[in-house]
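Any chance you can model this:
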Amino acid sequence: NESMIPALDYLFNTLAAGGITDLVIGMPHRGRLNLLCGLLGYPARALFHKIKGNCEFPRELEAGGSGDVISHIGISTEIAYPEDKKITVSLLTNPSHLEAVNAVANGKTRAKQAQGKNAATLLIHGDAAFCGQGCVTETIGLSNLPFYTTNGTVHLIVNNQLGFTTPPEHYKSTRYASDVGKMVNTPIFTVNAEKIDDVVRVMKIAAEYKLKFKKDVIVELLGYRRHGHNELDEPAFTQPKMYNVIRKRETFPTIMTKDLISKNIFNADSAKAVRTNR
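Numbers count the residues shown, from 1 in each chain. Below you'll find the model as predicted:
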């Protein structure tokens, strides 16, 4: 699911080109640190400072507190794209009840719109949380009501086919985690997360749909989790067959590099130099 990062880059760019000036993001832990440092400019030094157990706030402002865990941290930043397109992206801080942020994000977007800004909401979800937490259904149920709508939310489900250690057939009653969106006839795109060209094409379509029709749209990135849920989890204990397959697969960067070389976009020497520099 590393393709979440280029997917969001295309989404930000397309929304900015469509006139969106402010984007409010609510998301869980999955991919959060990559997004913070990769696209939103959160200083890596500050992140590692926090990982070492320090507070994210200056000592004089701590007031006896220790801040929050790294997977809850937020940031607000401005991203500039070509042709003078700019978009202010606010990633909200989020507690471990992952989907609780949904209504908060839409509320902030609604407030920005009331102030005259052309604001939008992006909600990123895990697959099990999307179909399992009631506040997702409640938020989607409000999406088309005149006094609650934010003129279309983009939902991105980062699906690793595991709810913590629970397989899909045990955490949902429907075929797809995204089926919750069908209750308001939301268009749903399910895409192989390893097919990067398809991923960015779908994100562009989703952004254009939101801009044109001002309705919710769902994109489901179908991928997998290579490592455990956390540093203490050995996923092969609960999913031995699945992880026997996963651990035989090449990593996404390796697959992507081979694909670019086969298309003569990249050559082997350049790929080796990139790996060495990283």
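
any chance you could map the helices in the protein?
Secondary structure of the chain (DSSP state H): helices at 4-17, 32-38, 44-51, 101-114, 127-132, 134-141, 168-171, 196-213, 240-246, 252-262, 268-277.

Could you pull out the buried residues of the longest one?
Think helix 196-213. Across helix 196-213, burial judged by 16 or more other Cβ atoms under 10 Å covers 196, 199-200, 202-204, 206-207, 209-211. The C-beta positions use only the backbone N, C-alpha and C, and glycine is treated the same way.

Now those residues in JSON lines, please, with extra columns for pLDDT and distance to residue 85.
Below are the buried residues of helix 196-213 laid out as JSON lines (pLDDT from 0 to 100; distance: Cβ to Cβ, whole Å):
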{"residue": "196", "pLDDT": "90", "distance to residue 85": "22"}
{"residue": "199", "pLDDT": "96", "distance to residue 85": "21"}
{"residue": "200", "pLDDT": "94", "distance to residue 85": "17"}
{"residue": "202", "pLDDT": "96", "distance to residue 85": "21"}
{"residue": "203", "pLDDT": "96", "distance to residue 85": "16"}
{"residue": "204", "pLDDT": "95", "distance to residue 85": "14"}
{"residue": "206", "pLDDT": "97", "distance to residue 85": "18"}
{"residue": "207", "pLDDT": "97", "distance to residue 85": "13"}
{"residue": "209", "pLDDT": "97", "distance to residue 85": "19"}
{"residue": "210", "pLDDT": "97", "distance to residue 85": "16"}
{"residue": "211", "pLDDT": "97", "distance to residue 85": "13"}
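
Dump those residues to a markdown table, plus distance to residue 93.
Output for the buried residues of helix 196-213, formatted as a markdown table (distance: Cβ to Cβ, whole Å):
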| residue | distance to residue 93 |
| --- | --- |
| 196 | 30 |
| 199 | 27 |
| 200 | 28 |
| 202 | 28 |
| 203 | 25 |
| 204 | 29 |
| 206 | 25 |
| 207 | 25 |
| 209 | 29 |
| 210 | 24 |
| 211 | 27 |
